[in-house]
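**Q** The following block contains a protein sequence and its predicted model.
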Amino acid sequence: MEIIIVFISIALGIVIGRLTKTKRPIGTLRVDWSDHSCEPYLFLELGTDVYTIMQKKYVVFQVRVEDFLPHE
């Protein structure tokens, strides 16, 4: 019986640890490469305020590649 409690405790600890340490994106980095003659334009869309980001050492963004001008 004690072994089952130990295994359940270990499994629960692993699940809680992964949920709290998961890196969640705080915004979107949008890449627009409509004009291939120059470098792509980068736009940063934040899901939180700047002061929250300034307190962090590392941040995670989602990357979305969109061409806003149609290619001919």
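**A** Arrived safely, thanks for sending.

**Q** any idea how far Val65 lies from Ile3?
**A** For Val65, the distance to Ile3 (Cβ to Cβ, to the nearest Å) stands at 51 Å. For every residue, glycine as well, the C-beta is placed using N, CA and C.

**Q** higher neighbour count, the two?
**A** Remark: of Val65 and Ile3, Val65 carries more neighbours, 10 against 7, as counted by other Cβ atoms under 10 Å.

**Q** Tell me where the model's unsure across this structure.
**A** Under the criterion pLDDT under 70, the flagged ranges of the chain are 68-72.

**Q** Going along the chain, name the helices of it.
**A** With helices called from DSSP state H, the chain shows them at 2-21, 50-54.

**Q** Against Leu19, how distant is the spatially most central residue of the chain?
**A** The centroid of the chain falls nearest to Pro25 when counting by Cα atoms, centre = their mean (2.4 Å). Relative to Leu19, Pro25 is positioned 16 Å away (Cβ to Cβ).

**Q** again with Thr28
**A** If you go by Cβ to Cβ, the gap between Thr28 and Leu19 works out to 23 Å.

**Q** Which one's more surrounded, those two?
**A** With neighbours defined as other Cβ under 10 Å, Thr28 and Leu19 compare such that Thr28 has more, 15 against 8.

**Q** contacting residues for the closest residue to the more buried one other than its chain neighbours?
**A** Leaving aside its chain neighbours, Thr28 sits nearest to Glu45 (4.5 Å; criterion: Cβ to Cβ, 6 or more residues apart in numbering). Neighbouring residues of Glu45 by Cβ atoms under 8 Å, 6 or more residues apart in numbering: 27-30.

**Q** Now rank the residues you listed by neighbours and give me the top one.
**A** Result: Arg30 is most packed of the contacts of Glu45 (other Cβ under 10 Å), 18 neighbours.

**Q** Next one: the nearest residue to it once chain neighbours are set aside from Thr20, what distance?
**A** Distances taken as Cβ to Cβ, 6+ apart place Phe43 nearest to Arg30, at 4.2 Å, with adjacent residues excluded. Between Phe43 and Thr20 the computed distance is 30 Å (Cβ to Cβ).
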